[in-house]
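Enquirer: Have a look; sequence and predicted model below, questions after that.
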Amino acid sequence: MYNAKYIWPGIIVFLALFTAPFWLNFGSSKYEYPDVALPKAKAADVKAWGALPEAERLEKPGTACVEPKEFMRAEHMQLLNSWRDEALREEKREYISSSGVKWEISLQNTCMKCHTNKAEFCDKCHNANSVDPYCWDCHVAPKGNE
């Protein structure tokens with residue numbers, strides 16, 4: 001090995017650079033979700049989660065969601081994919097949440113009642129996580145209160 005004095009330091013430098021992202025992120029803090037804008041109901045209007053009648057619940061955005069916030073942050077794409085399959089392939093149009101509340105399986109008529117602004121709600125988290133969902137290939141993107 002005529003070039004050993006160059007090869008071994010090169011391998012060490014390569015390994016240091018290759019593993020640097022792992023060492024730099026070791027022990028870093030927990031992921032923080034971006035602040036997203038949701039319409040808020042008045043405190044007097046907010047009742048127990050999911051306890052409102054369906055008609056009243058859909059008229060008052062921010063009083064309840066399909067599932068708890070922690071579930072929706074982690075599993076919303078799986079939920080939307082299963083909704084798509086159930087609605088389009090199985091013709092099932094009703095979802096019963098973990099709290100026993102019945103919801104219409106519809107991105108436009110259920111989710112977008114509260115999540116009305118794509119830029120302020122969807123895009124903040126998706127951009128922070130470098131995710132490009134394909135929801136808007138078929139659905140009309142919400143633009144706020146227009």
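Expert: Good, I have the coordinates. If you're wondering where the values come from, they're calculated on a predicted model, not measured in any experiment.

Enquirer: burial of residue 74, as a residue count?
Expert: 11 (other CB atoms under 10 Å). Using the backbone N, CA and C atoms, a C-beta is placed for each residue, glycine as well.

Enquirer: distance between stretch 118-137 and the chain's centre?
Expert: 8 Å (CA atoms, centre = their mean, to the nearest Å).

Enquirer: I'd like the next helix or strand past the helix or strand of the chain with the lowest mean pLDDT.
Expert: The least trusted helix or strand in the chain, going by mean pLDDT, DSSP states H and E, turns out to be helix 54-59, with a mean of 52. Once the chain leaves helix 54-59, the next helix or strand it forms, by DSSP states H and E, is helix 69-89.

Enquirer: Just the CA atoms of that following helix, as CSV, please.
Expert: Taking C-alpha atoms only, helix 69-89 is exported to CSV below (Å, rounded to 0.1, in the frame of the first residue of the first chain):
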residue,chain,number,x,y,z
LYS,A,69,-55.5,16.1,18.7
GLU,A,70,-52.7,13.6,19.5
PHE,A,71,-54.3,11.0,17.3
MET,A,72,-54.9,13.4,14.5
ARG,A,73,-51.3,14.7,14.5
ALA,A,74,-49.9,11.2,14.3
GLU,A,75,-52.5,9.3,12.3
HIS,A,76,-54.5,11.7,10.1
MET,A,77,-53.1,10.5,6.8
GLN,A,78,-54.0,6.8,7.6
LEU,A,79,-57.4,8.0,8.7
LEU,A,80,-58.0,9.9,5.5
ASN,A,81,-56.7,7.0,3.4
SER,A,82,-59.1,4.6,5.1
TRP,A,83,-61.9,7.1,4.7
ARG,A,84,-61.1,7.3,1.0
ASP,A,85,-61.2,3.5,0.6
GLU,A,86,-64.4,3.1,2.6
ALA,A,87,-66.2,5.9,0.9
LEU,A,88,-65.2,5.2,-2.7
ARG,A,89,-64.7,1.4,-2.7
